[in-house]
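K.L.:
Pasted the sequence and its predicted model underneath.
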Amino acid sequence: MAITAMLGTSLGSAADFSQWMDSTRVRLNTTSAGANVATDQAGFPVLVRLATGDFIFSEAKSDGSDIRFADSAGNALPFELERFDPVNKVAEVWVLPPAIKGNASTQWFKLYWGNAAATSVSSGPAVFPAAGNFAGVWHLGENGSTTAGAYKDASSYGNHGTGAAMTAASDVAGTVGTAAAFNAVSNQGILIPANASLHPTGNLTLEVWIKTTTQAQYKRYLGRPFSSVADPWNEYSLEADVTGTKVNFSISIANVQASVTCATAMTAGTWYHVVGVYDGAEQRIYVNGTLDGTVARTGTVSDFGQSLAIGKYALDNGSNFDGVVDEARVSRAARSADWIKLSYANQRPDQKLVGFERFPAAPSCQVHFATPADTAVKEGAQLDLAAQADCATGYTWMVVSGPSPHLLDPEVKILHVALPRVARDTAIVYRFTAGFGGGAQSGDVKVTVKEAIPDPLFTLPTLPTWNGKSVLVVKPTVTNAAAIQASSEPVIHYAWSVSGVSVDSAWGAGQLAFSNPAQSGSMTVGLCLDNRGAVTCKQTAVNVSVAVGVSPREAGASFAEASGDRWDAKGRMQRAKAETASSAAAKTDATHLQAIH
């Protein structure tokens, strides 16, 4: 997705984080006590895992869209939020600092959260760009499915994959968030359509985390096949060797398969980080960050133009993998030994690269209390009021003055409010109170609710003397129907009333029709209209002078002629047409039918 501006500041430039409530430093340690990497690494995406103790999930937005990162100079950093789970209090974020220094423990960048007004700027392509030689990055955290393109490529190439026979059970715990599990018998796998980006013209790196369920020979973890199910079998591949316990890194050069096999015999049920590298002079394989096999090799990797597959062979089901794959990558570069070592140190479950400046204990906590600024919002809108109460033992919101909408959860720092309808601009004062060891602090926020939704304006006709022989139709004229129709509350509700004379009446097409008056006299017709706001009521009077009565059947026929609806012999409506308010076709409530005697 495209990266959007953040409060007028683009990523990579000095940013204003004054509206973010919380922050902490994320430290990187590449010394022997940390990742143990001696050389600097540029363009390296850092995995940051968030958990209770390092991050306060309750003070972030529920989807993590207010998370931000900045370097030590305050410049916003690109990042991709792979997973944010506030219920289980875990998250994984990929962050791209300018560079990571080798053998250093003082470098850091900053993590911010706690801004109810912030929107997401998470972007995989910004973290895994083509300029960084990433041809495909599949986190494999999606729900298992066969939906086309559901397995997303985080790189800027957008090489999205489609599951083959994948189900909800395919989504399992991985080394980084969730991963994809494959059942060989069920012919499961993920297929990525052929694309020139997936055929590096020079250097190549393949990378996966694997955990085998059933070990067997030649099972494919990641690769592109030959043009048919025959020798040389692969364009490039990470796969099980002939014993099923080791991994081959295979490539085809001049249509001849060339492989290097790792020395490590793997155990089923255990996670391994496996990387294959080809640089035009040597073919290497790494296991858990350590070089584990090498063969001198020259030549250009053949291009057979086939789909890339994860967890299976793309052309048949004879080499389906039975196990789990996580964080599959293809790079158009020969990643260095220190890059691979740093990847393993950063991604392993007991990672060695990233640390946090722990939140201070209560005795040394620095009290900070603040309420949001006064604001003005349109009626009927949703509003988040975010207060600050660092070190507070408890806090609550209440309404001090003005209309009092129900507060569903007042004991929060960020109050979610649905603002009411108002007849005019109206102020509501909310009070935030936080308790601290030495007492309590309170602050008020004035929210001016701006009238923005029009209430119905209408007139009723002046009625002539009615002799009862014909059908009398009373129909309002809604003078602002077009404005109501264009508002966020377009439905007009009608409520009729009649007094003074016993008469048959029926609702139809935004009007009220009368027939068969029982006697002469003065009849008052009342109408109240509203669109979930203020109710407007008006009346009109009619003088009823009965000369000759009208039979019910005649009245029914007259009703049908007047309203266009169907009536029974007693003048009762059988079916009403869809109705509009006035000539502007405002929506109305067309369910009312009355027989008044």
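P.N.:
That came through, no problem.
K.L.:
Now do the buried residues in stretch 53-72.
P.N.:
Residues of stretch 53-72 classed as buried by neighbour count (16 or more other Cβ atoms under 10 Å): 54-57, 59-61, 64-71. All C-beta spots, glycine's among them, are computed from the backbone N, C-alpha and C.
K.L.:
Among those residues, name the least confidently predicted one.
P.N.:
For the buried residues of stretch 53-72, the weakest pLDDT value sits at residue 54, with 87.
K.L.:
Residue 382 pairs with what?
P.N.:
Following DSSP bridges, residue 382 is listed with bridge partners residue 418.
K.L.:
For it, which residues are in contact?
P.N.:
416-419 (Cβ atoms under 8 Å, 6 or more residues apart in numbering).
K.L.:
and what of residue 514?
P.N.:
Residue 514 touches 466, 471-474, 498, 503-505, 523, counting by Cβ under 8 Å, 6+ apart.
K.L.:
can I assume it sits in a strand?
P.N.:
Yes: counting by DSSP: H, G, I helix; E, B strand; the rest coil, residue 514 is located in a strand.
K.L.:
hmm, back to that, just name the closest of the buried residues of stretch 53-72 to residue 202, please.
P.N.:
residue 71 (31.6 Å; Cβ to Cβ).
K.L.:
what sits against the closest one?
P.N.:
Residues counted as contacts of residue 71 (Cβ under 8 Å, 6+ apart) are 77, 97-98, 109-110.
K.L.:
Please repeat the previous calculation with a cut-off of 7 Å.
P.N.:
Contact analysis of residue 71 by Cβ atoms under 7 Å, 6 or more residues apart in numbering lists 77, 97-98, 109.
K.L.:
Give me the phi and psi angles of it.
P.N.:
Per-residue torsions, residue 71: phi -80, psi -180 (degrees, to the nearest 10).
K.L.:
Return the set of residues that bridge with it.
P.N.:
According to DSSP bridges, beta-bridge pairing links residue 71 with residue 109.
K.L.:
From residue 77, how far off is it?
P.N.:
6 Å (Cβ to Cβ, to the nearest Å).
K.L.:
same check, this time on residue 23
P.N.:
Distance from residue 23 to residue 77, by Cβ to Cβ: 13 Å.
K.L.:
Tell me which of these two has more neighbours.
P.N.:
More neighbours surround residue 77 than the other of residue 23 and residue 77, with 21 against 14 (other Cβ atoms under 10 Å).
K.L.:
From what I see, the more buried one and residue 111 are in contact.
P.N.:
No: applying Cβ atoms under 7 Å, one finds residue 77 not in contact with residue 111, separated by 9.8 Å.
K.L.:
Spatially nearest residue to residue 430 (excluding sequence neighbours)?
P.N.:
Of all residues not flanking residue 430 in the chain, residue 445 sits nearest, at 4.8 Å (Cβ to Cβ, 6 or more residues apart in numbering).
K.L.:
hey, what's in contact with both of residue 77 and residue 111?
P.N.:
By Cβ under 7 Å, 6+ apart, the residues touching both residue 77 and residue 111 are residue 69.
K.L.:
So which of the buried residues of stretch 53-72 sit within strands?
P.N.:
68-71 (DSSP state E).
K.L.:
of the residues you listed, closest to residue 370?
P.N.:
Using Cβ to Cβ, residue 68 is the member of those that lies nearest residue 370, at 19.0 Å.
K.L.:
Let me know the average pLDDT across the host helix or strand of residue 260.
P.N.:
Here residue 260, judged by DSSP states H and E, is contained in strand 256-261. Confidence over strand 256-261 (mean pLDDT, whole number) is 96.
K.L.:
hmm, who's touching it?
P.N.:
Under Cβ under 7 Å, 6+ apart, the answer for strand 256-261 is 231-234, 241, 246, 248-251, 283-285, 293-295, 297.
K.L.:
Among these, which lie within strands?
P.N.:
Using DSSP E, 234, 248-251, 283-285, 293-295 are the members of the contacts of strand 256-261 that sit in strands.
K.L.:
Show me which of these are buried.
P.N.:
234, 248-251, 283-285, 293.
K.L.:
Can you add pLDDT and distance to residue 301 and give these back as JSON lines?
P.N.:
As requested, those are exported to JSON lines (pLDDT from 0 to 100; distance: Cβ to Cβ, whole Å):
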{"residue": "234", "pLDDT": "94", "distance to residue 301": "10"}
{"residue": "248", "pLDDT": "98", "distance to residue 301": "15"}
{"residue": "249", "pLDDT": "98", "distance to residue 301": "12"}
{"residue": "250", "pLDDT": "97", "distance to residue 301": "10"}
{"residue": "251", "pLDDT": "96", "distance to residue 301": "5"}
{"residue": "283", "pLDDT": "97", "distance to residue 301": "10"}
{"residue": "284", "pLDDT": "98", "distance to residue 301": "14"}
{"residue": "285", "pLDDT": "98", "distance to residue 301": "16"}
{"residue": "293", "pLDDT": "98", "distance to residue 301": "18"}
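K.L.:
Looking at these, which is nearest residue 189?
P.N.:
residue 234 (14.9 Å).
K.L.:
just to revisit the earlier point, now for the contacts of residue 71: which two are most distant?
P.N.:
The two members of the contacts of residue 71 with the most space between them (Cβ to Cβ) are 98 and 109, at 9.6 Å.
K.L.:
So if I had to pick from these two, which one is more boxed in?
P.N.:
Counted by other Cβ under 10 Å, residue 98 and residue 109 do not tie: residue 109 has more neighbours, with 21 against 13.
K.L.:
Check the contact between the more buried one and residue 27; I expect there is one.
P.N.:
No: the criterion here is Cβ under 7 Å, and residue 109 misses it with residue 27 at 8.8 Å.
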